[in-house]
Each structure stands twice: as structure tokens, then as C-alpha cells.
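K.L.:
Next come a sequence and a model predicted from it.
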Amino acid sequence: MDHPLPEDVEAYLEELIKRLTEYLRDRLVGVYLFGSASYDAYESGLSDLDVQAIVKDQLDTIDKQAVISRVNQAALPCPATKLEFVVYAQSAVYPASRHPRFELNLNTGPHQLDHISLDPAHESNHWFLLDIAMGRERGRRLYGPDTTDAFGAIPRRWILEAIENSLEWHQANELNSANSVLNACRGWRFIVTGEFSSKVDGAKWALQQPGCPDIVRRAIAARKTGDELPAAQVMALYDIVVTANRAKLATDHE
């Protein structure tokens, strides 16, 4: 990596791997760092850590609880805003699945209650597909085989459909947030160029596009202030991205 992560983050990831390997032993296939921390976009105080693990076979409830109890905030304090930790059985991600089924999904960190999900039916699965698609291409191997050997290739059409799902989710749940705008920009960049990027880099790319609404510039600033953004201006951006996505889906036969 061009810009190493902070020492406390690297030490935390090493300890996380140690705890997973000590408990799971040869059942652990690989562990991967996804998201901003894996592609030089980590910002202390703003970024979280997105870690994905693969195990050979499905875990029973006892194993799931044992893993959670070893890596949650109470057991291993996270130096980032939070840890987003997902475990998959190998068969769920290789070959790729349109709806990847996780074994466990844990969000844990300072100043928040743990969010634990053991049932994929209770989560919006488009996020998991997009995380894998981005991570397979831009993630960092922490343990095990390379990302492209651990996760099956995801068809572009599935990614475009998941981007549309993510826009619908943001519109219904947090339209006014900076995250909503930056996520739309990252999706827009993929739709047009086929390239994944961080949300902020997606926004910087969007600002170079003809007709880009000024709400993108405001969203970059609002990421640090937490300001809400006007819905009508956010929707102007969404209209551009949704239109581009539907046009690409209409011509995509992959």
C-alpha cells in the first residue's frame, strides 16, 4: 500500500487474524480487508474497517457466538469508528452468488450497541454483493488466498442491479445524508467507467462530469459536518445516476 494504515489499526487487524485462526484453525480459508482502508482512502475518525472472512463450511450457532465473543468491541476494542465483519462459507462466494448468504454479520465499535445478524433474510443483500464485487477487485488479503481466488467473479449486470437497489434503499432510508450522495457518485462512476472507487473519489470524479449537480460538492463537506442535504437536490443527482444505470442495463448482456 502507498499509504500505510495507522499503527493501531494494523495491530488491531493482526490481533483479529490471531483470534480467528486460534479458534477456527484449519476451517478458516481467508480474511480480507475491504472498503476505504484497503485502497488508501482511510481517514482516522471517519472511516470504519470492513473485514470479510471465509470458512470452509457453514458454522453452527455455537461457533458463530464464539467468533462474535472474540472479536466484538467488548473483547477487542476497535480503533476505527466501527468494525463491519462478515463471515461467509466458501460455497456462498465461490462461485459467485447473486444473493450471497453470510454466516454472520457483526457491526461493533465504540459508542454503539453491537448489531448482530445471523440470518441473511433480515438484511438488504445488495450491500453484500457490492462489497464483494469491490473487495474482490480492490481488497487487501490479510490471510489466505488472493481475493480473486477466494471470491468468484461477479457479472457486471448483477453489480448494476445492486447499484439500483442501493439507490432505492438510500432514497427510502437516508436520502438527505452525505453518504447517500457519495454512494450515488461511486455508483455513477462504475456505471460509466466500470471502475470501483472510494465514495470520496467517486464524488471527485462526478464533479468532473457535465451537468453534475452542486449537491456533490456540498456532500463532500457534509461528510465531516453531518449536515443534512436538501432532498430535491439529492434527487436531481439520483435522476442522473438512475437514468445512466437503466441505459447501461438495457444494453448489457453479460
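P.N.:
The structure has been received and is ready for your questions. Residues are numbered from 1 along each chain as shown.

K.L.:
Give me the neighbour count for residue 121.
P.N.:
8 (other CB atoms under 10 Å). To be clear about C-beta, it is placed using only N, CA and C from the backbone, and glycine gets the same treatment.

K.L.:
my read is it is in a helix, agree?
P.N.:
Yes. Under DSSP: H, G, I helix; E, B strand; the rest coil, residue 121 sits within a helix.

K.L.:
how near is it to residue 99?
P.N.:
Going from residue 121 to residue 99 by CB to CB, to the nearest Å gives 10 Å.

K.L.:
Could you list the low-pLDDT ranges of this structure?
P.N.:
Across the chain, the ranges flagged by pLDDT under 70 are 1-3, 253-254.

K.L.:
Scan it for its longest helix.
P.N.:
helix 231-251 (DSSP state H).

K.L.:
list the buried ones in that helix?
P.N.:
233-234, 237-238, 240-242, 244-245, 248 (16 or more other CB atoms under 10 Å).

K.L.:
As a markdown table, those residues with distance to residue 189 would be great.
P.N.:
Shown next, in a markdown table, are the buried residues of helix 231-251 (distance: CB to CB, whole Å):
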| residue | distance to residue 189 |
| --- | --- |
| 233 | 19 |
| 234 | 17 |
| 237 | 13 |
| 238 | 15 |
| 240 | 12 |
| 241 | 10 |
| 242 | 15 |
| 244 | 10 |
| 245 | 12 |
| 248 | 12 |
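
K.L.:
tell me the two of these that are most distant?
P.N.:
233 and 248 (23.8 Å; CB to CB).

K.L.:
Run through the residues that contact residue 180.
P.N.:
By CB atoms under 8 Å, 6 or more residues apart in numbering, the contact set of residue 180 is 170-171, 174, 229, 234.

K.L.:
Among the residues you listed, which one has the most neighbours?
P.N.:
In the contacts of residue 180, the most neighbours by other CB under 10 Å go to residue 234, 25 neighbours.

K.L.:
What is the burial count for residue 111?
P.N.:
7.
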